[in-house]
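Asks: following is a predicted model, sequence given first.
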Amino acid sequence: MAKNIVARAKDYPQWYLDVIKAAELADYSPVRGCMVIRPHGYALWEAIQKDLDRRFRATGHVNAYFPLLIPVSFLEKEAQHVDGFAMESAVVTHSSLRKDENGRLIPQSELAEPFVVRPTSETIIGYMYSQWIHSYRDLPVLMNQWANVMRWEMRTRLFLRTSEFLWQEGHTAHETAEEAEAETVKMLNIYADFAHEFLAMPVVKGRKTESERFPGAVHTYAIEALMQDGKALQAGTSHFLGQNFAKAFDIKFMDRENQLRHCWTSSWGVSTRLIGGLIMTHSDDEGLVLPPKVSSILAAIVPIYRSEEEKSKVLAYCKRLAVALCGEKRVEEALEREKGREIISIFVDEHAMQKIVFDLREGRAVEKHFHWEQRGIPFRFEVGPRDVDSEGFVLKVRFDNSKCFGKLAEVNSQWFADKCAEVQEAMYQKALQYRDSHIIDVNSYEELKEALKSGGFVRCWFKEDTEVEAKIKEETKAVVRCVPFEQSGEVGKCIYTGRETSEKVLFALAY
RNA sequence: CGAGGUGUAGCGCAGUCUGGUUAGCGCGCAACGUUCGGGACGUUGAGGUCGAAGGUUCGAAUCCUUUCACCUCGACCA
């Protein structure tokens, strides 16, 4: 049992914070609601960035960067957009500081027009697109930016909801509604594939109801994941913006019939919130659990010895194991490069920048086991004198805490790659099984209320209606997470109003 | 923004009601020794403007005033 992490069954929110702290993913900052992402946490974001960016490029998108500050007047241009973001805006009103009589620094020059620290960039990007787009020949515009944004949230939680967070936001402009719509769906599919293949996190693809829609969007699609405590997490969104922003920012082009028309735009994003989702999908009472594809450290080699004799014998053998895993060249390079360091990093694959570590620190092996375990490192090779004698090792697999005995002779890079792939798939299957067994079908409002008590997605016939949703939210705290794309094609009666509908929705309590 | 609570070492806390030696404990940290295959132990040591400002007093972590920050619940949360 981990002594610095409370059990999930006892206090799930506290467990979540304990895991983050124990794995050194993030820390609170002196600035309210803003977190510091520590190296081990940032490595997760970098891994996410790398994989997603590859998928964006493969579908013809390019990266650009737009300013942090947005004129307040821009926000006013799209009516729903203002309403959605006004309350959570951080506003820059002054430039320069001067000292007052007490030596305190106070803002000096008031700006002619205040700026908003971007909560999202539709407005400023819309403005720039209006400058750049003139003809159908300029379309489509398929851009993405990796950036930080700020939303002055009332209450924050590490990774899940912080005042400042990192994300990517794609912004595209198209000739036709159909094309923009197709783009919106395409990007949602990319998110879903990414969640599945990379994060080993199953998600439901669907459409948001009107009350959950992005301010200014015609409709919003989302991927919804289910956390271990039965609460849902919106893991990514893709918005069809229609011509709303094009009209607000005058993004017009001369079409093929020589007519001046407004573009059709989309926007889509995922954020550091994914890391919160990753934690709550896979981790256990011992701490963080990372899928091999996400982890920058794939394995730790932990030597076990007592005497000096044993030490030299075991370390020499560990080196042979490292060579079997990574190749002689990389091991020699690492030992040379990191000479004198207590933890040696050996790259398994320069391209992915994934590595194994050789833990040479002084101290008890037990402490090291906990160290790597709490950080979610997928594999741990434990090597002691007995293993040296038998030309073997003990392999601990983080995700299921299984332990097996291996032989040095059978280890090579392909063997290890297979192990990684095996665990990656097993983690997805485990999460998928959990998710699927927590989708409950109900046929009445009473059943819905009852089912919500045990958590999970509750699926039922529902005729979309903002007022009804508000009532249900008030009475149960649950909302429609999404209207799944996958529908039976049958028709049923709405569990609240009894009206006929062709759609089943997923209700859940949410983060 | 409403209600309640908490600020004392890196972290967790005692001490505050009833003012009085040099402000304590546990964890963690450092050194040394014994240990070492699932969170060991001993010895020694470092570490504090008691959230901030002002006041009462011979004397304030403790009493008074003001203020700031954080936490919990509510409201809010594309």
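Replies: Looks like it arrived, so ask away.
Asks: residue contacts, the residue in chain A positioned nearest to RNA strand B?
Replies: In chain A, the residue found nearest to RNA strand B is residue A:384; the distance is 2.0 Å by C-beta to the nearest atom of the strand. Yep, even glycine has a C-beta here, placed from its N, CA and C like the rest. By C-beta atoms under 8 Å, 6 or more residues apart in numbering, the residues touching residue A:384 are A:303-305, A:314, A:365.
Asks: quick one: buried ones out of those residues?
Replies: The neighbour-count test (16 or more other C-beta atoms under 10 Å) marks A:303-305, A:314 as buried among these.
Asks: now, which of the residues you listed sits nearest residue A:245?
Replies: residue A:303 (58.8 Å; C-beta to C-beta).
Asks: just the element for residue A:395, please.
Replies: According to DSSP states H and E, residue A:395 maps onto strand A:392-397.
Asks: by contact count, what packs against that strand?
Replies: Using 3 or more C-beta pairs under 8 Å, 6 or more residues apart in numbering; DSSP states H and E as the contact test, the elements touching strand A:392-397 are strand A:379-383, strand A:402-407.
Asks: so what are the sheet partners of that strand and their directions?
Replies: strand A:379-383 (antiparallel), strand A:402-407 (antiparallel) (DSSP bridges).
Asks: list the buried residues for the last one?
Replies: Using 16+ other C-beta under 10 Å as the burial criterion, the residues of strand A:402-407 that qualify are residue A:406.
Asks: who's in contact with it?
Replies: In this structure, residues lying in contact with strand A:402-407 by C-beta under 8 Å, 6+ apart are A:391-397.
Asks: which one of these has the most neighbours?
Replies: residue A:393 (23 neighbours; other C-beta atoms under 10 Å).
Asks: can you pull out the low-pLDDT segments for chain A?
Replies: Low-confidence segments of chain A (pLDDT under 70): A:1, A:100-104.
Asks: give me phi/psi at the residue sitting nearest the centre point of it?
Replies: Centrality entry for chain A: nearest residue to the mean C-alpha point is residue A:274, 1.5 Å, by C-alpha atoms, centre = their mean. As for residue A:274, its main-chain torsions (degrees, to the nearest 10) stand at phi -50, psi -30.
Asks: and residue A:485, how many neighbours?
Replies: Look at residue A:485: counted by other C-beta under 10 Å, it has 14 neighbours.
Asks: that one and residue A:504, how far apart?
Replies: Counting by C-beta to C-beta, to the nearest Å, the gap from residue A:485 to residue A:504 is 11 Å.
Asks: chain neighbours aside, what residue packs nearest to residue A:220?
Replies: Nearest residue to residue A:220, sequence neighbours excluded (C-beta to C-beta, 6 or more residues apart in numbering): residue A:208, at 4.1 Å.
Asks: tell me who's in contact with the one you found.
Replies: Shown in contact with residue A:208 (C-beta under 8 Å, 6+ apart): A:214, A:219-222, A:237, A:480, A:482-483.
Asks: repeat the analysis, applying 10 Å as the threshold.
Replies: A:214, A:217, A:219-222, A:224, A:234, A:237, A:239, A:479-483 (C-beta atoms under 10 Å, 6 or more residues apart in numbering).
Asks: likewise residue A:26?
Replies: A:17, A:20, A:35-38, A:40-42, A:44, A:158-159, A:162, A:272, A:275-276.
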